[in-house]
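In: only geometry, no sequence info:
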DNA sequence: CGTCCAAATTGATGCAAGTCAAATGCTACT
DNA sequence: AGTAGCATTTGACTTGCATCAATTTGGACG
């Protein structure tokens, strides 16, 4: 079975092994038959490891590849002409980064490692070629992209209709369920991103994020020390996210 | 060549003629070679005509098709469990509606005709099958979907960082350029949507939208009477959209 | 181990936009 | 043509969050 191969320290680009990967139930392999997995492995490149703060790719540079997070986490953001930043997403292991750039020659956003992060790289030409051959993979890519469109709509709703508390509760619950799907504790995790990133993503000021965290803490809903977070009362959090809607109903 | 077949008035579903369509430079045909156009025509169905307010499809019903707007215009929105509506987009002739639903079995949103509207229908199974055969078409669908993801990010930015005036100026300019691409006046058009829809889409109260319209009018930037709008000073509008960013720079 | 700088917290104040309320203008329908 | 029922506008008032300012905490590094 050549198990040892996984551990050799050969120079990259190394061919990644989707067969061996523990994320195969989250990542692209979940979409395709075992016997087609080889053709996916053929086009994947083992990306290098990025330290916190390093860029995986930069907005406006030539679009070459999508990246799957293998370990660690990534934040994407767009920068306006005037230098304003807007965080557009956070990506965890198994998630695919770069789908928003499939429209053009250049990356539509910048991707930055939030911690020590490793990725797998899928060159677009090869990926497009392969999706032409594997209908299941094509379908899955459509699925992922439309999912991302829907995420955008949900975010728009959050931004335009919900209070600071509701936005933050939503984010915490989203992170929670994503940790859970990765077999990590849904109630006890460490936030990969800074308060600043949370604020920017949710359209709030950092101060507001900080205040809401302490308010939640005082109410006994969460316990937070720096980036370490413990969700003490998930139901209460869910209640917060629906608070607004419930009032809307009562009218 | 059986030219005559294209003009018969047979009962629908009628095969649409992309060859004859005046939107072929905006719609899906723009992506594919002339000799492949036939295979696209093979899967397109001439949709029926919808009156203002009629639904093209409904959220949570079985996802069957994407629709290209032929004439008129469409608004899409999502409805929460509590009945809250969030307008997610406006679609003009040549634009493709339903891409956000390619992830699942059900439509992710509801599409409603804003005026008398005709559409062409692309059944998904057939569309996916065809994109597997025509790399150019596949590429174009990826393009459209990633474009929509980017639109979502732009909207998120608008909602989280910009004032009411900036949001409305942006919308007016967006509509303007989309009218222009359709060979209609970029400065003199009639809004297909109600103030309410604008407000909802931009995360504002109707009253605020109304006030901003009159403010712009008093400043001589636009002239608005009901849904009829004339952009008197496009540069001033562009300035408004950048106002925020410019202040950000000065800091 | 102490120093330095960025991140996070806490408090005080102001304002943009929401909400409530009422008048006016449209449009569709009989 | 007349009326009913929305859509839009305008005004008065309220408020959630941003902004400004000042500490406090924490992590990186010599």
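Out: Okay, I see it. None of these values were measured; they are calculated from a predicted model.
In: For the residue of the stretch 1-150 of chain A found nearest DNA strand C, which residues are in contact?
Out: Closest residue of the stretch 1-150 of chain A to DNA strand C, CB to the nearest atom of the strand: residue A:53 (9.2 Å). C-betas here are computed from N, CA, C, even on glycine. By CB atoms under 8 Å, 6 or more residues apart in numbering or on different chains, the residues touching residue A:53 are A:112-113.
In: Phi, psi for it please.
Out: phi 90, psi -20 (degrees, to the nearest 10).
In: Tell me where the stretch 151-251 of chain A has helices.
Out: A:164-181, A:195-202, A:206-218, A:234-250 (DSSP state H, counting those that start in this stretch).
In: what does stretch A:23-40 rub up against?
Out: Under CB under 8 Å, 6+ apart, the answer for stretch A:23-40 is A:18-19, A:21, A:68, A:70, A:93-96, A:120, A:122, A:130, A:133-134, A:136-137, A:139-140, A:143, A:181-182.
In: what stretches of the stretch 101-250 of chain A score poorly on pLDDT?
Out: Applying pLDDT under 70 to the stretch 101-250 of chain A flags residues A:243-250.
In: Quick one: name the residues of chain A near DNA strand C.
Out: A:194-196, A:206-207, A:209-211, A:213-214, A:224, A:226-227 (CB under 7 Å from any atom of the strand).
In: Please report which of the residues you listed has the highest neighbour count.
Out: Ranked by neighbour count (other CB atoms under 10 Å in any protein chain shown), these have residue A:209 at the top, with 22 neighbours.
In: measure the nearest residue to it once chain neighbours are set aside to residue A:207 for me?
Out: Of all residues not flanking residue A:209 in the chain, residue A:199 sits nearest, at 4.6 Å (CB to CB, 6 or more residues apart in numbering or on different chains). Relative to residue A:207, residue A:199 is positioned 8 Å away (CB to CB, to the nearest Å).
In: and if you look at residue A:107?
Out: 32 Å.
In: now residue A:88
Out: On the measure of CB to CB, residue A:88 and residue A:207 end up 22 Å apart.
In: ditto for residue A:59
Out: 28 Å.
In: Wait, a helix at residue A:127?
Out: Yes. Under DSSP: H, G, I helix; E, B strand; the rest coil, residue A:127 falls within a helix.
In: Contact partners for it?
Out: A:43, A:66, A:141.
In: same deal with residue A:129?
Out: residue B:135.
In: now residue A:234, nearest residue through space, not along the chain?
Out: Residue A:234's closest residue in space is residue A:187 (CB to CB, 6+ apart), at 6.8 Å.
In: swap in residue A:227?
Out: residue A:191 (4.4 Å).
In: And that neighbour, how far from residue B:141?
Out: From residue A:191 to residue B:141 the distance is 36 Å (CB to CB).
In: Looking at the two, which one has more neighbours?
Out: When neighbours are counted by other CB under 10 Å, residue A:191 and residue B:141 differ, and residue B:141 comes out ahead with 26 against 19.
In: Work out for me the element that one sits within.
Out: Using DSSP states H and E, the element containing residue B:141 is helix B:135-161.
In: Tell me if that helix is near DNA strand D.
Out: No. Helix B:135-161 is not in contact with DNA strand D by CB under 7 Å from any atom of the strand; minimum separation 7.8 Å.
In: can you confirm residue A:86 is in a strand?
Out: Yes. Using three-state DSSP, the assignment for residue A:86 is a strand.
In: quick one, what contacts residue A:175?
Out: Residue A:175 neighbours (CB under 8 Å, 6+ apart): A:90, A:189, A:191.
In: quick one: contacts for residue A:223?
Out: A:217, A:229-230, A:232.
In: now it: how far from residue A:216?
Out: 9 Å.
In: which SSE is the closest residue to chain B within the stretch 1-150 of chain A in?
Out: In the stretch 1-150 of chain A, the residue that lies nearest chain B is residue A:82 (3.4 Å; CB to the nearest CB). For residue A:82, there is no enclosing helix or strand under DSSP H and E.
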